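Student: let me see the structure of the following:
(one chain, ligands or ions: 1)
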Amino acid sequence: MTEDLRFEKLAEKIDDLIKKVRDFDDEKREVVSELINSIEEFTRIALLKLVKLLKEDIVGKELLLKAVKEPEIYALLLKHRIIKEDDRTKAIKALELIKPYVRSHGGDVEFVDLKDRTLYVRLRGACVGCSQVSFTLQQTILEAVQSFVPYIERVELAKDTPSEALFDLSDKKSNYVRAFEVRELKEGRMCRFLNEELDAVVVLWEGRVYAYKNSCVHQGHPLHEGEIKEDGVLICPWHGFEYRITSGECLNLPYVQLEPIPTKIEGGYLWLKIR
Ligand code: FES
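Tutor: Predicted coordinates for the structure are as follows:
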């Protein structure tokens, strides 16, 4: 197995374990999180010393710069707050956050480059071919990314933007998974659906079913233990980000929303779409 693949597998394993720990009771969760925090603090102190030592020497400094270009080392130093996230990474993350919004308008957006205060993107789907829609989306994307990277002044389409088909062909391969019996769903109560492919939060609100990816846009923690207020606003249990249940719109960040999951009701069951 190559190093890259091993790293990817490890990252997947860590994600799986984190998901399992979230299901522990409070007491066990606290012990695990204390253990993780102590190990992380220990690692951070050691890394800080290592970086400090390397920076004191010219050759060491060069080696450090070389090392930071390795994605695994970059991620580790970033995680331990030893280096700051660069604007490029921030812009990529910001685009990830607004993807559900762009998709709800029939399109998709992809990071291409960040150069001279300009963010180059590739638009796909329904927004390609309609200059007005595409212009509006560019403005929306600009406004959204500026709240993360104020230094960006404009958004432009990458020159090689291919004009893609209006329909997502991958749709044809999509299928649905049976999630709940419809009568199990209770008005205003959140249900979590979790299997190997999907972690979703489902809510019946004013007679309609809404399903979203169970991941808060703030730090990706699950939402299913959150609260739904009388006005249909879902509150993330971790740090209080708020979402409109009928649209997934995040009330704390402009143009950011939860990723919706298409649903259908058939044979008395609610089905959720898996891509
Ligand atoms: S993870 Fe939801 S508000 Fe922080």
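Student: which SSE is immediately downstream of the helix or strand that contains V202?
Tutor: Taking DSSP states H and E as the definition, V202 sits inside strand 199-205. For strand 199-205, the following helix or strand on the C-terminal side (DSSP H and E) is strand 208-213.
Student: now that next one: mean pLDDT?
Tutor: Average pLDDT, strand 208-213: 91.
Student: cool, stretch 142-158 as well?
Tutor: Averaged across stretch 142-158, the pLDDT comes to 86.
Student: start and end of it, how far apart?
Tutor: 15 Å (Cα to Cα, to the nearest Å).
Student: contacts for that stretch?
Tutor: Residues from elsewhere that reach stretch 142-158 (Cβ atoms under 8 Å, 6 or more residues apart in numbering): 87, 90-91, 93-95, 97-98, 101, 112-114, 117-123, 134, 138-139, 141, 253-256. The way it works is simple: take the backbone N, C-alpha and C, and place the C-beta from them, glycine included.
Student: at 7 Å what do you get?
Tutor: 87, 90-91, 93-95, 98, 112, 117-123, 138, 141, 253-256 (Cβ atoms under 7 Å, 6 or more residues apart in numbering).
Student: what about the stretch 101-250 of the chain, any weak spots by pLDDT?
Tutor: 125-134, 160-174 (pLDDT under 70).
Student: now the strands for it?
Tutor: Assigned by DSSP state E, counting those that start in this stretch, the stretch 101-250 of the chain shows strands spanning 107-115, 118-125, 154-157, 175-181, 190-194, 199-205, 208-213, 227-228, 233-235, 242-244.
Student: mind putting the ones you listed into CSV with mean neighbour count and distance to W271?
Tutor: Formatted as CSV, the strands of the stretch 101-250 of the chain follow (neighbours: other Cβ atoms under 10 Å; distance: least, Cβ to Cβ, whole Å):
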stretch, mean neighbour count, distance to W271
strand 107-115, 17, 24
strand 118-125, 20, 24
strand 154-157, 17, 37
strand 175-181, 15, 4
strand 190-194, 18, 10
strand 199-205, 21, 11
strand 208-213, 19, 10
strand 227-228, 14, 22
strand 233-235, 20, 22
strand 242-244, 19, 23
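Student: could you look up the SS state of E96?
Tutor: helix (DSSP: H, G, I helix; E, B strand; the rest coil).
Student: what is the burial count for it?
Tutor: 14 (other Cβ atoms under 10 Å).
Student: next one: the one 5 residues further on
Tutor: Counted with other Cβ under 10 Å, the burial measure for Y101 works out to 23 neighbours.
Student: help me confirm that it comes into contact with Q257.
Tutor: Yes - Y101 lies in contact with Q257 (Cβ atoms under 7 Å); the separation is 5.2 Å.
Student: still on that earlier bit, would you list the strands of the stretch 101-250 of the chain in CSV and tack on distance to the ligand?
Tutor: Formatted as CSV, the strands of the stretch 101-250 of the chain follow (distance: least, Cβ to the nearest ligand atom, whole Å):
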stretch, distance to the ligand
strand 107-115, 23
strand 118-125, 25
strand 154-157, 27
strand 175-181, 23
strand 190-194, 14
strand 199-205, 12
strand 208-213, 13
strand 227-228, 12
strand 233-235, 8
strand 242-244, 9
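Student: tell me the contacts of the residue of the stretch 1-150 of the chain found nearest the ligand?
Tutor: Proximity of the stretch 1-150 of the chain to the ligand (Cβ to the nearest ligand atom) peaks at R22, 11.9 Å away. By Cβ under 7 Å, 6+ apart, the residues touching R22 are P222.
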